[in-house]
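Peer 1: could you work out the structure for the sequence below:
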Amino acid sequence: MEAQQPQSDPLIAGGFETLCAHYGEHRLAHGGGAAPPIYQTSTFVFPDAEAFEIHNEPQSPYYLYTRKHNPTAALLEAKLARIEHGDWARVFASGMGALCAALHVRLAAQTHIVAVTPCYAHGYLKELLPRFGVETTFLESGQPADVAAALRDNTRVLYFESPSGSSRCVDIAALAALARERGILTVHDNTWATPYFQNPLDYGVDLVVHSASKYLGGHSDLVAGVVAGRDEELRRDIFREAEALGATLDPFAAWLLLRGLRTLAIRMEQHQRSGLAVARMLAAHPKVENVQHCGLEGHPSHALAARQLRGYAGVFWFTLRDPSRAAALRFLNRLRLFSIGVSWGGYESLAVGGPWRQEDGQPPRWVMRLHVGLESTEDLLNDVRQALED
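Peer 2: Reported below is the predicted structural model:
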């Protein structure tokens, strides 16, 4: 059972903000409530035994059990599919739940994955999948020629992010075409860009995944994941994985994610505005050695990013000229508006740091990651400036 949007509804061709606010919603069917109801129920009842017999048919109006599906989640999925330019979407209890389902649909013992690093599921691919006879090649280069060289006869999945956590971009269309020629499934993590700035399905990717805990939710109060696509066979596979694995998004979290979508566009504009301002200030600061933000003109991925993206998120890495742990901790501990914490994508600014191993045998350099939130741009600039002072 899925939420269906009437084909006669003029909002089916609306702008992004309009779709996030209205697509799939039928307020008068729910007493006129401006906000959709939360179907906080584990199971559903039927008007008669005949209705129960047909509940699994594609056009059945009945729900069975929330692990299988739920009306609140169905509304959310209809919106997410539309803004991701897909034909369907499935929501999960976490980004890892979504990603695992996407990978599993083509994996079996003695199969192989190529994963372009850095990637969200590195630990899962390296430590857990080998227990089931699945091998992963981790590839630092996302160049099509290097990816092609890493593919094997038993490769079933090509998994990548663009932009990645290090703000590096790859040619999405080229990788999707390469994989399609070999019959390999492409899984793209679109968490950084969101559907507001990029739609990988338009470049030929098979499945798009999100850690919806981040920008899609936007308030640091839920954990969720999304898989979206166009292919009907993949839709059946993903829905079957969701039901079997039990990584189902609960109705209240789905309702919170619906709330987050209503402000996604304006939030991403502010993240972009402040993120670029902070990145440019850092790039010009004498104590900063390197800023990894693909929105900066000097970034190696900037030209590709400008071609593929409609805008830039507010999370990026940078390094100080002093590579030591002491210098990094001094900077982090002097921050006042940036809290120390993992994850990103919420309204609040966050900072975290750690050592980055160097290939030349030199001591690790400390790298800081900033998530630039929704506070005043000038206040955030002032906070970073004062944290860089002696």
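
Peer 1: may I ask which helix or strand of the protein has the lowest mean pLDDT?
Peer 2: helix 122-123 (a mean of 88; mean pLDDT, DSSP states H and E).

Peer 1: let me know the pLDDT of residue 7.
Peer 2: If you check residue 7, the pLDDT there is 37.

Peer 1: that older thread, give me the sheet partners of whichever helix or strand comes after the least confident helix or strand of the chain and which way each runs.
Peer 2: The first helix or strand that comes after helix 122-123 along the chain, using DSSP states H and E, is strand 135-139. Within its sheet, strand 135-139 is paired with strand 112-116 (parallel), according to DSSP bridges.

Peer 1: for residue 243, which non-adjacent residue is spatially closest?
Peer 2: residue 68 (5.2 Å; C-beta to C-beta, 6 or more residues apart in numbering). Every C-beta, even on glycine, is put in place using the N, C-alpha and C of the backbone.

Peer 1: count the neighbours of that neighbour for me.
Peer 2: By the measure other C-beta atoms under 10 Å, the count of residues near residue 68 is 16.

Peer 1: ok, residues contacting the least confident helix or strand of the chain?
Peer 2: The contact list for helix 122-123 (C-beta atoms under 8 Å, 6 or more residues apart in numbering) reads 115, 138.

Peer 1: please state the offset of it from the chain centre?
Peer 2: 16 Å (C-alpha atoms, centre = their mean, to the nearest Å).

Peer 1: and if you look at stretch 80-87?
Peer 2: 14 Å.

Peer 1: ok, stretch 98-117 next?
Peer 2: With C-alpha atoms, centre = their mean, you get 17 Å for stretch 98-117.

Peer 1: got phi/psi on the closest residue to residue 312 other than its chain neighbours?
Peer 2: Distances taken as C-beta to C-beta, 6+ apart put residue 295 closest to residue 312, at 3.7 Å, once the chain neighbours are dropped. Phi and psi for residue 295, reported as degrees, to the nearest 10, are phi -80, psi -10.

Peer 1: wait, residue 295 touches residue 278, no?
Peer 2: No - contact criterion C-beta atoms under 8 Å: residue 295 and residue 278 do not qualify, at 11.0 Å.

Peer 1: out of the two, which sits in the busier spot?
Peer 2: Using other C-beta under 10 Å, the more surrounded residue of residue 295 and residue 278 is residue 278, with 25 against 22.

Peer 1: determine whether the claim that the more buried one is in a helix is correct.
Peer 2: Yes - under DSSP: H, G, I helix; E, B strand; the rest coil, residue 278 falls within a helix.

Peer 1: show me the contacts for it.
Peer 2: 370, 372, 380, 381, 384.

Peer 1: repeat the analysis, applying 10 Å as the threshold.
Peer 2: 291, 293, 314, 316, 318, 338, 349, 370, 372, 377, 380-381, 383-385 (C-beta atoms under 10 Å, 6 or more residues apart in numbering).

Peer 1: in ChimeraX, how would I select the buried members of those residues?
Peer 2: This is the ChimeraX syntax for the buried subset of the contacts of residue 278, where burial follows 16 or more other C-beta atoms under 10 Å:
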select :291,293,314,316,318,338,349,370,372,377,380,381,383,384
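
Peer 1: from the contacts of residue 278, which single one is nearest residue 132?
Peer 2: residue 316 (35.3 Å; C-beta to C-beta).

Peer 1: check contacts around the nearest residue to the closest one once chain neighbours are set aside.
Peer 2: Distance criterion C-beta to C-beta, 6+ apart; nearest residue to residue 316, sequence neighbours excluded, is residue 293 at 3.9 Å. By C-beta under 10 Å, 6+ apart, the contact set of residue 293 is 163, 166-167, 275-276, 278-280, 282-283, 299, 301-302, 305, 312-318, 370, 372.

Peer 1: let's see 8 Å
Peer 2: 167, 275, 276, 279, 299, 312, 316.

Peer 1: which SS class is the second one?
Peer 2: Translated: residue 275. Put simply, residue 275 is helix when judged by three-state DSSP.

Peer 1: how about it: what's its closest non-neighbour residue?
Peer 2: Leaving out its chain neighbours, the residue that sits closest to residue 275 by C-beta to C-beta, 6+ apart is residue 314, at 3.2 Å.

Peer 1: need the phi and psi values for the one you found.
Peer 2: phi -110, psi 30.

Peer 1: how close does it get to residue 388?
Peer 2: 19 Å (C-beta to C-beta, to the nearest Å).

Peer 1: how about residue 278?
Peer 2: According to C-beta to C-beta, residue 278 stands 12 Å off from residue 388.

Peer 1: and what of residue 118?
Peer 2: Residue 118 is 26 Å from residue 388, by C-beta to C-beta.

Peer 1: more crowded one of those two?
Peer 2: Neighbours were tallied for residue 118 and for residue 388 using other C-beta under 10 Å; the higher tally belongs to residue 388 (16 against 13).

Peer 1: tell me who's in contact with the more buried one.
Peer 2: So residue 388 contacts 285, 287, 288, 331 (C-beta under 8 Å, 6+ apart).

Peer 1: filter those down to just the ones in strands.
Peer 2: If you go by DSSP state E, these have residue 288 in strands.

Peer 1: just the buried members of the contacts of residue 388?
Peer 2: By 16+ other C-beta under 10 Å, the contacts of residue 388 give 285, 288, 331 as buried.

Peer 1: low-confidence ranges, the protein, go.
Peer 2: Within the chain, the stretches with pLDDT under 70 are 1-13, 358-360, 390.

Peer 1: what lies in contact with stretch 129-147?
Peer 2: Against stretch 129-147 from outside (C-beta under 8 Å, 6+ apart): 107-117, 119, 122, 125-126, 150, 158, 160, 162, 168, 170-171, 174-175, 178.
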